[in-house]
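Asks: take this sequence and fold it.
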Amino acid sequence: MGRDSDMLVTLVAEGRLSAADAALASDVVRTQGGEPQGWDWIDAGDALDLRMAGGQGLRGALEAAFPAVDVVLQSAAAGRRRMLLVADMDSTMIQCECIDELADYAGLKPQVAAITEAAMLGQLDFAEALRARVALLAGMPVETLEECRRERVRLMPGAAALVRTMRGWGARTLLVSGGFTAFTAPVAAEIGFASQQANVLLVEDGRLTGTVAAPIVDAATKRAALLGAGIDPALALAVGDGANDIPMIEAAGLGIAYHAKPRAAAAADSAVRFGDLTVLLRAQGLSRAEWAAC
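Replies: Below is the predicted model of the structure:
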């Protein structure tokens with residue numbers, strides 16, 4: 001992030017912040033050529049906002065100064081409460097990579113997980129990597145999909161609170177995944193997303209064919225979903241963790257990398273490195289009392 005004016009820095013570290021952290025953040029802003037303009041608690045000890053003008057290289061400097069604190073930077077001129085959420089699913093809204101877990105049922109998890117990791121790092125073309133992994137699942141009984149979802153898929157902490165709270169003030173919420181509808185449909189319903197989009201695994205005679213329906217939901221699809229939602233992208237929040245999420249992260253008014261791979265983290269406005277998805281509620285200025293009950 002280059003030189004900016006009228007910026008807002010949010011520090012989040014549940015139960016571990018003090019006024020001394022606000023003072024340190026102010027000092028960091030000054031060393032980077034900015035001018036602190038005051039700070040306030042969102043929730044005492046948990047999250048605080050620092051207002052400032054100017055400065056350069058602030059994200060890197062603040063992350064270095066707070067090695068165990070999540071730091072979110074955004075323009076103070078933008079709408080704080082975002083009206084659109086576009087989110088990745090695997091390793092973002094849920095705690096696993098579904099295709100890796102499916103492969104485990106076929107005894108192929110190491111092979112598939114290696115391809116997944118390379119694709120997430122941006123080392124492989126996503127569509128080619130997806131086809132290669134799905135091909136390894138050919139012949140798997142379709143019932144294994146539900147078995148895998150029931151046994152392996154767990155929501156990311158804070159996922160439901162984030163989505164339901166944003167929907168509470170009228171935000172549109174989209175789950176857009178390079179994974180599979182067999183997982184996104186139930187996950188979206190459980191968390192509270194208004195809609196979901198993902199790839200369709202093709203089935204014949206009750207078994208996976210090893211192919212997916214065209215067109216493939218990929219990075220371009222995610223970006224198009226954000227831009228086509230009918231809401232000003234400046235009012236959008238996008239969150240994901242891999243290279244496939246970069247286009248939508250860059251298109252959003254606030255793009256967040258969540259426990260992300262290096263390329264995604266570098267492309268985002270800010271990165272959640274330590275906390276759960278409720279950091280994104282803190283970034284929108286919400287105290288814990290304002291979160292939706294889950």
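Asks: flag the shaky bits of the stretch 1-150 of the chain, pLDDT-wise.
Replies: Within the stretch 1-150 of the chain, the stretches with pLDDT under 70 are 1-5, 78.
Asks: go again with 50.
Replies: The stretch 1-150 of the chain contains residues with pLDDT under 50 at 1-4.
Asks: all strands for the stretch 51-200 of the chain, in order.
Replies: Applying DSSP state E, counting those that start in this stretch to the stretch 51-200 of the chain gives strands spanning 70-75, 84-87, 172-180, 195-199.
Asks: remind me what the first one packs against, helices and strands.
Replies: Helices and strands touching strand 70-75, by 3 or more C-beta pairs under 8 Å, 6 or more residues apart in numbering; DSSP states H and E, are strand 7-12, helix 58-65, strand 270-272, helix 279-283. Glycine gets a C-beta too; all of them are placed from N, C-alpha and C.
Asks: try 6 Å this time
Replies: The contact analysis (3 or more C-beta pairs under 6 Å, 6 or more residues apart in numbering; DSSP states H and E) places strand 70-75 against strand 7-12, helix 58-65, strand 270-272.
Asks: same deal with the last one?
Replies: Helices and strands touching strand 195-199, by 3+ C-beta pairs under 6 Å, 6+ apart, are strand 172-180, helix 181-191.
Asks: what's the angle from the longest one to strand 172-180?
Replies: With axes from the mean of the first three to the mean of the last three C-alpha atoms, to 10 degrees applied, the angle from helix 181-191 to strand 172-180 works out at 150 degrees.
Asks: list the buried ones in helix 181-191?
Replies: For helix 181-191, the neighbour count (16 or more other C-beta atoms under 10 Å) marks 181-184, 187-188, 191 as buried.
Asks: which outside residues touch that helix?
Replies: Here helix 181-191 makes contact (C-beta atoms under 6 Å, 6 or more residues apart in numbering) with 89, 94, 98, 145, 149, 159-160, 163, 175, 177, 196, 198, 200.
Asks: ok so, going back, greatest separation within the buried residues of helix 181-191: which pair is it?
Replies: The most widely separated members of those are 182 and 191, with 15.9 Å between them, by C-beta to C-beta.
Asks: for stretch 103-114, C-alpha coordinates in CSV please.
Replies: The C-alpha trace of stretch 103-114 is given here as CSV (Å, rounded to 0.1, in the frame of the first residue of the first chain):
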residue,chain,number,x,y,z
ALA,A,103,-8.9,-38.0,-2.0
ASP,A,104,-8.2,-39.4,1.4
TYR,A,105,-11.2,-41.8,1.0
ALA,A,106,-9.5,-43.1,-2.1
GLY,A,107,-6.0,-43.4,-0.4
LEU,A,108,-4.7,-40.5,-2.7
LYS,A,109,-4.5,-37.6,-0.3
PRO,A,110,-0.8,-37.0,-0.5
GLN,A,111,-0.8,-36.9,-4.3
VAL,A,112,-3.9,-34.6,-4.5
ALA,A,113,-2.8,-32.3,-1.7
ALA,A,114,0.5,-31.7,-3.4
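Asks: now do the buried residues in stretch 6-25.
Replies: Across stretch 6-25, burial judged by 16+ other C-beta under 10 Å covers 7-14, 17, 21-22, 24-25.
Asks: give me the pLDDT for the residue of the chain most remote from its centre.
Replies: Distance from the C-alpha centroid of the chain peaks at residue 205, with 36.2 Å (C-alpha atoms, centre = their mean). Residue 205 is assigned 98 on the pLDDT scale.
Asks: so what's it up against?
Replies: Contacts of residue 205 by C-beta under 6 Å, 6+ apart: none found.
Asks: swap in the one 5 residues further on?
Replies: Contacts for residue 210 were tallied using C-beta under 6 Å, 6+ apart; they are 134-135, 138.
Asks: if you set the cut-off to 8 Å instead, what comes out?
Replies: If a contact means C-beta atoms under 8 Å, 6 or more residues apart in numbering, then residue 210 has 134-139 as its contacts.
Asks: out of those, which are inside helices?
Replies: Mapping the contacts of residue 210 onto helices (DSSP state H) picks out 134-135.
Asks: just the contacts of residue 210 now: which is nearest residue 280?
Replies: Residue 280 has its nearest neighbour among the contacts of residue 210 in residue 134, at 30.9 Å by C-beta to C-beta.
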